[in-house]
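Enquirer: Dropping a prediction and its sequence here:
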Amino acid sequence: MLLEKQDQPFDSDRYIFEPKIDGHRAILTHFSGKTNIFTRNGNNITRQYPELEILNWGHDVVLDGEIACINNATGKIDYESVMIGLKSQNRNKIHLLTGVVLTGNYFLA
């Protein structure tokens, strides 16, 4: 099938559509009540995602996927918020960003 330009997005009940989710690839492990999050290169980034570290899974689990944020106002994936949290080294700033992400309030004073 060759690419061609369309004025409107393709839509059909004959197909299932899946949104593209841009985020940060990570592996989350939770064993014996302790959560760790690693990059695909094996770097521990647990401290950058305290909102995931505190989740109570109730059992041991390993998840391999994308950590992504959704802007509540637009419903769109907010890749920049994920990268801000990942790059931050200051624990207080990380907790502030966590609150921002969880509440959907993306405007910092």
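Expert: Perfect, I can see it now.
Enquirer: Name the helix or strand of the protein that has the lowest mean pLDDT.
Expert: Ranked by mean pLDDT, DSSP states H and E, the helix or strand of the chain with the weakest confidence is helix 91-103, at a mean of 47.
Enquirer: residue boundaries of the helices in the protein?
Expert: 50-53, 79-87, 91-103 (DSSP state H).
Enquirer: Just give the nearest non-adjacent residue to the residue nearest to the spatial centre of the chain, would you?
Expert: Nearest to the mean C-alpha position of the chain, by C-alpha atoms, centre = their mean, lies Ala68 at 1.8 Å. Spatial nearest neighbour of Ala68, excluding adjacent residues (C-beta to C-beta, 6 or more residues apart in numbering): Gly23 at 3.3 Å. Backbone N, C-alpha and C define where each C-beta goes, glycine included.
Enquirer: one step back: my read is that the residue nearest to the centre of the chain contacts Pro19, right?
Expert: No: taking C-beta atoms under 8 Å as the definition, Ala68 is not a contact partner of Pro19, at 10.0 Å.
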